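# Predicted model, plus sequence, below.
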Amino acid sequence: MRPAFTKNGSFYVIDQGAAPELPLQFPESFYDRAARTDTINSIM
């Protein structure tokens, strides 16, 4: 397992996360648990 490597003289970190499939429409709703629950329930 390599958490980072160099390629062509550039340093890459493989743990950069993943792009979200469903971006937050309103960043302030990130901490609104009820809003997140509603969003998750609407997907399923």
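Yep, that arrived. Numbers count the residues shown, from 1 in each chain.
# Now residue 29. Nearest residue, chain neighbours left out?
Once flanking residues are discounted, residue 29 sits nearest to residue 35: 4.3 Å by C-beta to C-beta, 6 or more residues apart in numbering. The way it works is simple: take the backbone N, C-alpha and C, and place the C-beta from them, glycine included.
# Residue 28 is in contact with that neighbour, correct?
No: if you go by C-beta atoms under 8 Å, residue 35 and residue 28 don't touch, sitting 9.2 Å apart.
# With neighbour numbers in mind, choose between the two.
residue 35 (15 against 8; other C-beta atoms under 10 Å).
# Just confirm that one is within a helix.
Yes: counting by DSSP: H, G, I helix; E, B strand; the rest coil, residue 35 falls inside a helix.
# in its sheet, what does the strand or helix carrying residue 5 sit against?
Assigned by DSSP states H and E, residue 5 belongs to strand 4-7. Note on strand 4-7: by DSSP bridges, its sheet partners are strand 10-13 (antiparallel).
# Format the CA atom coordinates belonging to the partner strand as PDB.
Provided in PDB are the C-alpha atoms of strand 10-13 (Å, rounded to 0.1, in the frame of the first residue of the first chain):
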ATOM      1  CA  SER A  10       5.200  15.400  -9.400                       C
ATOM      2  CA  PHE A  11       4.100  14.200  -6.000                       C
ATOM      3  CA  TYR A  12       0.700  12.600  -5.900                       C
ATOM      4  CA  VAL A  13      -1.400  11.700  -2.800                       C
END
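# For the chain, give me the ranges with low pLDDT.
1-2, 16 (pLDDT under 70).
# go with 80
1-4, 12, 14-30, 44 (pLDDT under 80).
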